[in-house]
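*Asks:* turn this into a model:
(one chain, ligands or ions: 1)
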Amino acid sequence: MTLPPNPTRRAFIHLAGGGAVAAALAPLAGCSTDYPATAVAPWAGPSAQSELRRWALAYAILAPNSHNRQPWLADLREAHAITLYVDRERVLPETDPWFRQIVVSQGTFLEALVIALRERGVEPQVQLFPQGEFAPRALDERPVARLSWQPGATVPVTKDPLFTQLLRRHTAKVAYDVQRPLAPETMAAMLQAMASPRVRAGGTLESARVAALRQLCWDAAQVELLTPRTVMESIRLTRVGPQEIATHRDGISVNGLLPRMAAVFGAFDRSAPPAAGTTAYKQMMGRFEAHSFSAMGFVWLSTPFAADAAAARTRSAEVEAGRAYMRLQLKATELGVQVHPMSQAAQEFPEMARHYQTLHQQLLGPAAGNEVVQMFCRIGYASAQPHTPRRDVDAIIRT
Ligand SMILES: Cc1cc2nc3c(=O)[nH]c(=O)nc-3n(C[C@H](O)[C@H](O)[C@H](O)COP(=O)(O)O)c2cc1C
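*Replies:* From the prediction side, this is the model:
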């Protein structure tokens, strides 16, 4: 989730106080709300001279991932291969206690990596969990995937038309245009872009169903926002102002002038959840409400698409769902449509159990007991939003 940090009244009272204010605000003078150039530099893409694996990884780090934690490590010690690991320092134990979304975020990375390698004429062999899968509710030190290829192989490689969307894709976390409905064929094209036989895609534009799912998004968001330990997980990952954003280049980046002013005056308290009735609280809730109720449709991905309940919870099913989501969002980008994961109701922390069950029933019907909703997203149209920060590709490479 994204928190809209806002100044409390205290910030304005201080600001009205004059004198020392000007000095304190000096760092904001002539400031821009754009993210610092270094933090978004990876979106320029790699230089054509980059070594093949670094070149492809430079695209993979742009993949969508939960809370922009960028939970990836790429081991390059083996020639003509890339081995992908979860960076276990970058997990979200409160909202994602079984690390499912972190593993789905391995799949988005992997799909982007494969698309980029194909662009350079390399068709990698992808082996998921080459040393065995880690348990459904745990992570361990074993790799998620090993990609390998024959140097100079002459196998003809089909380039992926979605490659051109890798540098354009982003997740617009704003209210959608409620005057602009989506055409059924547009949604169908997005769903068809995902190519995994192990992942089932669904979607709806039907008004009664959309209304019920909007309400569910909002109900589930309130549970996450009003449960202190889950909302604090997001607050701790909020980076306010150019300096923090440039230092971390991950998490939830906030560069608006008002939150920055509030931070300068110590009025943006990140040590506790915003108290009910404060401006910060109202804006946090208001933003989620606006996102939920401006959904013009919903899409979702579930696994296993087989009558085998055990397979739904495997780690490879989660990776496959991430790969499918990557393709779906790239296709949406090509079509000018926004896709925004609304993961709250799909989360496994205990307070969410009721909404988790409702979500599964509403999306999957009789299959609810056998399948896991891996991604649940609103869709619609909105103006393009800035790209979010990324760390340099070197930050994830192990040599
Ligand atoms: C598994 C997964 C779950 C996500 N859940 C949410 C969510 O609940 N709310 C949200 O605002 N964004 C969600 N996102 C989107 C990420 O926040 C987003 O990809 C990340 O901040 C990077 O931004 P970008 O997609 O614009 O590059 C999710 C992404 C993934 C892959």
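
*Asks:* going by C-alpha atoms from here, please, whenever you check contacts or count neighbours.
*Replies:* Will do.

*Asks:* next, the buried residues of stretch 361-374.
*Replies:* For stretch 361-374, the neighbour count (16 or more other C-alpha atoms under 10 Å) marks 363, 364, 368, 370, 371, 372, 373, 374 as buried.

*Asks:* tell me the contacts of the third one?
*Replies:* By that I understand residue 368. Taking C-alpha atoms under 8 Å, 6 or more residues apart in numbering as the contact definition, residue 368 lies against 360, 361.

*Asks:* could you check the pLDDT of it?
*Replies:* At residue 368, the pLDDT value in this model is 87.

*Asks:* show me where the stretch 201-350 of the chain has its strands.
*Replies:* Assigned by DSSP state E, counting those that start in this stretch, the stretch 201-350 of the chain shows strands spanning 238-240, 252-254, 297-303, 338-341.

*Asks:* so which of those strands comes closest to the ligand?
*Replies:* The ligand lies closest, by C-alpha to the nearest ligand atom, to one member of the strands of the stretch 201-350 of the chain: strand 338-341, at 4.5 Å.

*Asks:* helices or strands next to that closest one in the packing?
*Replies:* Judged by 3 or more C-alpha pairs under 8 Å, 6 or more residues apart in numbering; DSSP states H and E, strand 338-341 is in contact with helix 315-335, strand 372-380.

*Asks:* just want the angle from the last one to helix 315-335.
*Replies:* With axes from the mean of the first three to the mean of the last three C-alpha atoms, to 10 degrees as the basis, strand 372-380 and helix 315-335 are set at 10 degrees to each other.

*Asks:* after strand 372-380, next one along is what?
*Replies:* Next along the chain after strand 372-380, taking DSSP states H and E as the criterion, comes strand 397-398.

*Asks:* tell me which strands that following strand pairs with, and in which orientation.
*Replies:* strand 72-75 (parallel) (DSSP bridges).

*Asks:* run the chain-centre distance for the strand it pairs with.
*Replies:* Distance, stretch centre to chain centre, for strand 72-75: 18 Å (C-alpha atoms, centre = their mean, to the nearest Å).

*Asks:* please see if that strand touches the ligand.
*Replies:* No - using C-alpha under 6 Å from any ligand atom, strand 72-75 stays clear of the ligand, with a minimum separation of 12.3 Å.

*Asks:* what are the contacting residues of that strand?
*Replies:* Under C-alpha under 8 Å, 6+ apart, the answer for strand 72-75 is 82, 83, 84, 85, 86, 87, 106, 396, 397, 398, 399.

*Asks:* secondary structure element for the first one, which one?
*Replies:* In this structure, residue 82 sits in strand 81-86 according to DSSP H and E.

*Asks:* who does that strand pair up with?
*Replies:* Partners of strand 81-86 in the sheet, by DSSP bridges, are strand 72-75 (antiparallel), strand 145-148 (antiparallel).

*Asks:* which of these sits most buried?
*Replies:* Sort the strands paired with strand 81-86 by mean neighbour count, taking mean count of other C-alpha atoms under 10 Å, and strand 72-75 sits at the top with a mean of 22.

*Asks:* would you mind listing what in this structure touches the ligand?
*Replies:* For the chain, the residues in contact with the ligand (C-alpha under 6 Å from any ligand atom) are 1-2, 64-68, 101, 104-105, 170-171, 173, 341-344, 387-388.

*Asks:* any idea which of the strands paired with strand 81-86 gets closest to residue 301?
*Replies:* Residue 301 lies closest, by C-alpha to C-alpha, to one member of these: strand 145-148, at 21.1 Å.

*Asks:* just the CA atoms of that closest one, as PDB, please.
*Replies:* The C-alpha atoms that make up strand 145-148 are tabulated as PDB, following Å, rounded to 0.1, in the frame of the first residue of the first chain:
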ATOM      1  CA  ALA A 145      15.500 -19.900 -10.500                       C
ATOM      2  CA  ARG A 146      18.500 -20.600 -12.700                       C
ATOM      3  CA  LEU A 147      18.600 -19.300 -16.200                       C
ATOM      4  CA  SER A 148      21.300 -20.700 -18.500                       C
END
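
*Asks:* quick one on the thing from earlier: which one of the buried residues of stretch 361-374 is nearest to the ligand?
*Replies:* Of all the buried residues of stretch 361-374, the ligand sits closest to residue 374, with 7.5 Å by C-alpha to the nearest ligand atom.
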